[in-house]
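Enquirer: Give me a 3D structure for the following:
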Amino acid sequence: MPAVSKGDGMRGLAVFISDIRNCKSKEAEIKRINKELANIRSKFKGDKALDGYSKKKYVCKLLFIFLLGHDIDFGHMEAVNLLSSNRYTEKQIGYLFISVLVNSNSELIRLVNNAVKNDLGSRNPTFTGLALHCIANVGSREMAEAFAGEIPKILVAGDTMDSVKQSAALCLLRLYRTSPDLVPMGDWTSRVVHLLNDQHLGVVTAAASLITTLAQKNPEEFKTSVSLAVSRLSRIVTSASTDLQDYTYYFVPAPWLSVKLLRLLQCYPPPEDPAVRGRLTECLETILNKAQEPPKSKKVQHSNAKNAVLFEAISLITHHDSEPNLLVRACNQLGQFLQHRETNLRYLALESMCTLASSEFSHEAVKTHIETVINALKTERDVSVRQRAVDLLYAMCDRSNAQQIVAEMLSYLETADYSIREEIVLKVAILAEKYAVDYTWYVDTILNLIRIAGDYVSEEVWYRVIQIVVNRDDVQGYAAKTVFEALQAPACHENLVKVGGYILGEFGNLIAGDPRSSPLTQFHLLHSKFHLCSVPTRALLLSTYIKFVNLFPEVKGTIQDVLRSDSQLKNADVELQQRAVEYLRLSTVASTDILATVLEEMPPFPERESSILAKLKKKKGPSTVTDLEEAKRERSADVNGGPEPAPASASTASTPSPSADLLGLGAAPPIPTGPPPSSGGLLVDVFSDSPSAVAPLAPGSEDNFARFVCKNNGVLFENQLLQIGLKSEFRQNLGRMFIFYGNKTSTQFLSFTPTLICSDDLQANLSLQTKPVDPTVDGGAQVQQAVNIECVSDFTEAPVLNIQFRYGGTFQNVSVKLPITLNKFFQPTEMASQDFFQRWKQLSNPQQEVQNIFKAKHPMDTEITKAKIIGFGSALLEEVDPNPANFVGAGIIHTKTTQIGCLLRLEPNLQAQMYRLTLRTSRETVSQRLCELLSEQF
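Expert: Numbers count the residues shown, from 1 in each chain. Reported below is the predicted structural model:
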């Protein structure tokens with residue numbers, strides 16, 4: 001920028017600032033400011049025209065007064081007039097005033113835009129730079145509308161100076177962030193990518209920031225930036241600090257640019273070009289090698305810059321998740337930081353290792369540091385570092401170390417900081433359930449969890465232990481015995497009373513043979529806690545008592561006396577009073593058969609996602625380590641147990657209020673899976689009308705499912721009542737499916753309820769979001785349901801669509817498999833013959849290839865085969881295979897967590913009427929699944 005001449009010192013401004021600083025009180029300051037405002041106003045309104053210097057001086061004073069916190073309601077026009085000056089200092093003050101005081105709704109914005117437009121077209125680069133700074137500082141939608149089309153032209157023009165290019169790139173970035181819809185993508189996008197090759201590193205740095213943001217929204221437009229970014233990064237990391245002297249920061253060459261380039265590369269999968277990929281691998285290895293070198297300076301700035309590049313490189317290695325050697329090396333490097341004296345480094349190392357733990361290549365390497373992480377959990381003084389240690393223990397947990405990690409977390413929980421106790425409780429509950437081989441250990445762990453941190457055990461945790469106990473016969477007796485013993489402690493947490501009440505009410509009979517846990521002893525033990533509990537827990541205990549009436553007839557009189565007492569029948573709480581009245585009446589008038597029917601043992605709960613896991617995801621927020629770990633790594637550990645429990649209240653009790661719902665779930669009670677009882681009472685008749693939970697798959701649905709593997713639209717199911725049609729589209733790892741339900745009859749469908757059912761494994765790998773449909777479908781009408789789909793990780797199963805509705809007084813139940821298969825997330829990839837076979841040889845490990853030789857089920861028509869391969873999702877590569885009769889395809893499976901390249905080769909044998917199908921991918925499960933799906937098509 002031009003130097004400010006001696007005459008531009010503005011002595012009057014200096015005197016005014018000095019006067020303000022010398023004021024002894026707030027009143028004196030206001031008085032001096034009011035005097036100055038009056039003087040400036042008179043000057044602006046005077047007959048004598050002010051010269052540029054005077055305008056600049058007075059505008060500066062107004063700006064200073066505004067920055068002191070006082071309102072300014074004049075002087076704006078004078079500032080706009082300064083914009084047309086040809087003197088840099090005057091124009092600079094004008095732009096400064098406009099940037100600070102003129103808002104986007106001002107009437108002056110049009111005048112400002114005219115002045116800015118003139119300066120953008122100026123041949124003076126300093127004036128152009130001021131205009132660009134003003135646009136970026138204001139950043140309003142009006143500015144974007146006026147200049148979003150002009151700035152890209154300045155940016156890619158061949159005669160634009162480097163300093164202006166920098167300003168233009170950052171200005172365009174600001175406008176794109178505030179109004180992305182107003183920044184047009186055009187020819188300039190391909191040209192701006194080449195700024196990464198610019199000789200001026202300042203331009204490259206600014207361009208890297210812009211391209212990274214644009215590539216996140218428009219990856220296809222900027223995919224050519226990958227090779228250029230790798231090339232530039234290679235030159236930086238292999239250069240000596242003297243080569244980039246102007247951009248070397250404490251012996252680290254261009255650290256900010258290196259970080260930006262590494263971040264840009266994280267917008268894309270690993271490069272397909274072997275040369276580019278090899279060069280990138282060399283860069284990352286060089287960065288890891290430099291981290292091992294002794295520091296060239298003892299100053300903290302050197303280590304900060306060096307480690308910033310290192311951690312961003314590790315983020316890229318983790319993002320690509322394709323180079324086992326790099327992943328293990330990164331893990332070992334982070335392991336050295338776990339015991340570093342710098343707290344920030346320990347924090348970042350723990351955080352980065354959390355993501356590495358989710359990679360199949362580096363998980364075992366992360367596990368080797370378990371003792372160091374446990375020690376950090378016990379000795380770290382900073383609570384945020386301890387929290388990251390908990391996250392890492394959770395991420396590295398598997399069947400081999402689950403009991404050790406859960407034990408350490410429970411031990412730490414007793415002294416943990418209150419702010420992270422709830423999160424630790426959730427993680428312990430999830431790990432104990434997920435890796436429980438012996439369910440007695442799971443029950444012990446959860447009860448211990450309630451004992452140690454009962455106040456932090458959310459309802460989801462004790463719901464989950466109940467549902468698992470209900471769903472597993474082999475643990476019910478042990479659970480009843482364990483909670484009975486736990487309840488004998490003088491002080492029990494209320495959550496333990498809830499668990500004990502529910503389990504003893506269902507399975508107390510399994511321990512009633514022991515005199516020490518006789519029915520009367522169980523009842524007295526629970527009732528001794530009754531007066532200490534809140535209303536919802538008391539309501540649950542009353543339901544337990546009526547269950548005891550059915551389980552243990554010998555305690556019926558004792559329980560009736562309790563229900564008959566004034567403290568129950570005249571209770572101030574209407575829910576407790578109502579339960580007491582209805583339960584007492586039920587126990588008095590109902591026959592033994594009806595009582596046994598109404599109070600029978602709860603059936604197993606239907607399968608659904610663990611609500612503890614859902615709560616943890618919600619607590620941690622999206623895109624966290626929890627999501628990454630769950631999506632990327634299911635390994636051999638299925639989520640054990642079943643679903644959420646439903647209210648265990650007796651069927652005759654009237655519907656309670658939501659706050660008093662026995663388990664607080666607000667869900668409908670589970671539907672018994674056994675046959676309806678044959679007794680002839682009114683209550684039994686009501687039960688006998690219940691539908692079955694989920695119907696078996698409809699006949700022919702498997703054939704229809706197979707037809708949809710290579711197509712997206714059509715009729716999925718049809719019978720004499722209902723037609724189900726599909727229309728779907730998929731792009732990368734996202735999809736949207738529209739399901740059309742048609743009523744083929746002239747009678748209404750009532751209580752029409754479609755439900756998507758997924759196993760625990762499928763829920764972790766495939767995210768489905770549905771919109772509800774109208775429960776009434778008129779005769780001859782059609783309703784539509786939208787399903788939003790996200791592929792988190794590769795999967796093998798398909799969701800089941802279950803439709804229940806009432807037609808003509810009878811309940812109908814239909815289940816069909818929904819054709820959401822892994823190949824739907826295929827994106828075709830074109831490649832030349834040489835590239836194909838080079839990549840084919842790279843995927844030569846036995847676990848990467850799956851081959852199937854099978855008999856043709858349909859006529860071997862070449863055109864139909866081509867159409868099916870294209871419909872399957874891969875690109876059909878012509879003239880690649882030496883045998884022209886063979887079919888070759890390539891594509892990429894897109895998931896939220898990774899991208900998996902896939903190559904296929906189909907070799908028909910017309911004489912034998914057979915095919916040989918070979919698939920190679922970087923993941924065995926993907927190869928296997930794709931081979932299964934495609935083999936069924938021919």
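Enquirer: On the pLDDT front, check the closest residue to M161 other than its chain neighbours for me.
Expert: Taking Cβ to Cβ, 6 or more residues apart in numbering, and ignoring the residues beside it in sequence, M161 has P125 as its nearest neighbour in space, at 4.5 Å. (Each C-beta comes from the backbone N, C-alpha and C, glycine too.) For P125, the pLDDT comes out at 90.
Enquirer: Next one: V226 from R399, what distance?
Expert: V226 sits 39 Å away from R399 when distances are taken as Cβ to Cβ, to the nearest Å.
Enquirer: neighbour-wise, which of those two wins?
Expert: In terms of neighbours (other Cβ atoms under 10 Å), V226 is the more surrounded of V226 and R399; the figures are 24 against 13.
Enquirer: Wait, a helix at that one?
Expert: Yes: applying DSSP: H, G, I helix; E, B strand; the rest coil, one finds V226 inside a helix.
Enquirer: my read: it touches E272, true?
Expert: No: using Cβ atoms under 8 Å, V226 makes no contact with E272, being 9.3 Å away.
Enquirer: Next one, pLDDT for L919 please.
Expert: According to the prediction, L919 has pLDDT 89.
Enquirer: is it in a bridge, and if so with what?
Expert: V850, L904 (DSSP bridges).
Enquirer: Might one say that it is in contact with E849?
Expert: Yes: under the criterion of Cβ under 8 Å, L919 is in contact with E849, at a separation of 7.1 Å.
Enquirer: of these two, who's got more company?
Expert: L919 (27 against 17).
Enquirer: show me the contacts for that one.
Expert: Contact criterion Cβ atoms under 8 Å, 6 or more residues apart in numbering gives E849, V850, Q851, C902, L903, L904, R905, S927, L930, C931, L934 as the residues in contact with L919.
Enquirer: The fifth one and F811: what is the separation?
Expert: Relative to F811, L903 is positioned 49 Å away (Cβ to Cβ).
Enquirer: Compare the two (neighbour count), which wins?
Expert: Between L903 and F811, counted using other Cβ under 10 Å, L903 has the larger neighbour count: 25 against 14.
Enquirer: Grab the nearest non-local neighbour of the more buried one.
Expert: For L903, the nearest residue in space outside its immediate sequence neighbours is R920; the separation is 4.9 Å by Cβ to Cβ, 6+ apart.
Enquirer: so that neighbour touches K841, yeah?
Expert: No: under the criterion of Cβ under 8 Å, R920 makes no contact with K841, lying 9.6 Å away.
Enquirer: Which of the two has more residues huddled nearby?
Expert: Neighbours around R920 and K841, counted as other Cβ under 10 Å, are more numerous at R920. The numbers are 21 against 9.
Enquirer: residues touching the more buried one, list them.
Expert: With Cβ under 8 Å, 6+ apart, R920 has these contacts: W840, L843, S844, Q848, E849, C902, L903, L904, S927.
Enquirer: Kindly indicate which of the residues you listed lies nearest V383.
Expert: Q848 (44.2 Å; Cβ to Cβ).
Enquirer: For that closest one, give its distance to E282.
Expert: 24 Å.
Enquirer: The two: which is more packed in?
Expert: Between Q848 and E282, counting by other Cβ under 10 Å, Q848 is the more crowded of the two (17 against 14).
Enquirer: wait, that one sits on Q928?
Expert: No: distance between Q848 and Q928: 10.7 Å, which falls outside the contact criterion (Cβ under 8 Å).
Enquirer: Overlap in contacts, those two.
Expert: The contact lists of Q848 and Q928 share no entry, where a contact means Cβ under 8 Å, 6+ apart.
Enquirer: Strands of the stretch 751-900 of the chain, start to end?
Expert: Assigned by DSSP state E, counting those that start in this stretch, the stretch 751-900 of the chain shows strands spanning 766-770, 782-791, 800-807, 810-817, 826-828, 849-855, 875-876, 887-894, 899-909.
Enquirer: Would you pull up how far the shortest one lies from the middle of the chain?
Expert: Looking back up the chat, that one is strand 875-876. 32 Å (Cα atoms, centre = their mean, to the nearest Å).
Enquirer: Pull up the pairing partners for that strand, direction included.
Expert: For strand 875-876, the paired strands and their directions (DSSP bridges) are strand 887-894 (antiparallel).
Enquirer: So what touches the partner strand?
Expert: Among residues not part of strand 887-894, those counted as contacts by Cβ under 8 Å, 6+ apart are 269, 732-733, 791, 794, 822-823, 825-831, 836, 839, 865-866, 869, 872-877, 880-881, 899-908, 921, 926, 930.
Enquirer: what does stretch 44-51 give?
Expert: Contacts made with stretch 44-51 from outside it, assessed by Cβ under 8 Å, 6+ apart, are listed as K43, Y58, F74, G75, E78.
Enquirer: Quick check: end-to-end length of it?
Expert: The stretch stretch 44-51 measures 11 Å between its terminal residues, going by Cα to Cα, to the nearest Å.
Enquirer: Quick one: mean pLDDT over that stretch.
Expert: The pLDDT scores in stretch 44-51 average 78.
Enquirer: buried ones in it?
Expert: F44 (16 or more other Cβ atoms under 10 Å).
Enquirer: Please spell out the segments of the stretch 501-650 of the chain that come in under the pLDDT threshold.
Expert: Low-confidence regions of the stretch 501-650 of the chain, defined by pLDDT under 70, span residues 607-611, 613-615, 617-650.
Enquirer: all strands of it, in order?
Expert: For the stretch 501-650 of the chain, no strands are identified by DSSP E, counting those that start in this stretch.
Enquirer: repeat for the stretch 301-450 of the chain
Expert: Read by DSSP E, counting those that start in this stretch, the stretch 301-450 of the chain holds no strands at all.
Enquirer: what about it, any weak spots by pLDDT?
Expert: Scanning the stretch 301-450 of the chain residue by residue, none of them satisfies pLDDT under 70.
Enquirer: can you pull the pLDDT of G779?
Expert: What the model reports for G779 is a pLDDT of 83.
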